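A.B. asks: Just the structure for this:
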Amino acid sequence: MSTVIVALVLVPVALALVVVLLTLLARPLAEPTLGWLERARFRRFLTHCARGDAHLQGRQVEAALREFEASFCLFTVRADGRLAEQIGRHHVGLLSRLLAVADDLPQQRVRLLALAKVERLLSRRGEMQRAYLQLRSRPLRDSRRLQLERELRHNARTTRAAVRELVADLQVISARKVAYQ
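C.D. replies: Okay, here's the model as predicted:
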């Protein structure tokens, strides 16, 4: 009888201990995997950008703009701070490509406003991403961390819409240029 009582007390304690140990081991084991998945996802965006460059060299502006639009990388980086910096440099490169496309089109000054809006949103996103990565050691339910996640999701939606608007404007102007020629 006393053995059963001791077992009833020790089994829940042992289960709680196993859960705590798994929780402590899960983050160090999951972080490299998450980092690898994020880098693989980023490589897909780089592939879109390379295809856009190839289309641009072949003077296929429409196809290049579609690929550049698809190559904006707006997911939240959770594991690797260096990847967040690479994404920021990638976005600067995309903006310079879109600026080059706008320079080749008539009436480019109007498009610079849309380009500036996208640049401002991406700059704000970079700041939020850096702040988020500084908070990654905090608990998952930390209020500041949750707030930054919400802001990053909102920024991704807003930036995606601004990029769509910019690309659509460039496509319309590009179509006019072709019609004039």
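A.B. asks: mind showing which ranges of the protein have poor pLDDT?
C.D. replies: For the chain, applying pLDDT under 70 flags the ranges 106-111, 176-181.
A.B. asks: quick one, helices of it?
C.D. replies: Remark: helices assigned in the chain by DSSP state H are 2-57, 61-70, 81-104, 108-134, 143-180.
A.B. asks: Please identify the most buried of the ones you listed.
C.D. replies: For the helices of the chain, average neighbour numbers computed from mean count of other Cβ atoms under 10 Å are highest in helix 61-70, which has a mean of 20. C-betas here are computed from N, CA, C, even on glycine.
A.B. asks: Next, the angle helix 143-180 makes with that helix.
C.D. replies: 180 degrees (axes from the mean of the first three to the mean of the last three Cα atoms, to 10 degrees).
A.B. asks: Show residues contacting helix 61-70.
C.D. replies: 45, 48-49, 51-53, 55-56, 94, 97-98, 101, 104, 163-164, 167, 170-171, 174 (Cβ atoms under 8 Å, 6 or more residues apart in numbering).
A.B. asks: need the contact list for F45.
C.D. replies: By Cβ under 8 Å, 6+ apart, the neighbours of F45 are A70, S71, F72, C73, H90.
A.B. asks: mind redoing it with 6 Å?
C.D. replies: S71, C73 (Cβ atoms under 6 Å, 6 or more residues apart in numbering).
A.B. asks: That one and E62, how far apart?
C.D. replies: Using Cβ to Cβ, to the nearest Å, we find F45 at a distance of 20 Å from E62.
A.B. asks: Repeat that for T47.
C.D. replies: 19 Å.
A.B. asks: Q171 and A63: what is the separation?
C.D. replies: To A63, Q171 is 10 Å away according to Cβ to Cβ.
A.B. asks: swap in L98?
C.D. replies: Distance of L98 to A63, given as Cβ to Cβ: 14 Å.
A.B. asks: so how far is T3 from the closest residue to L133 other than its chain neighbours?
C.D. replies: Spatially, and ignoring its direct neighbours in sequence, L133 is nearest to G81 (4.9 Å; Cβ to Cβ, 6 or more residues apart in numbering). Computed with Cβ to Cβ, the distance linking G81 and T3 is 53 Å.
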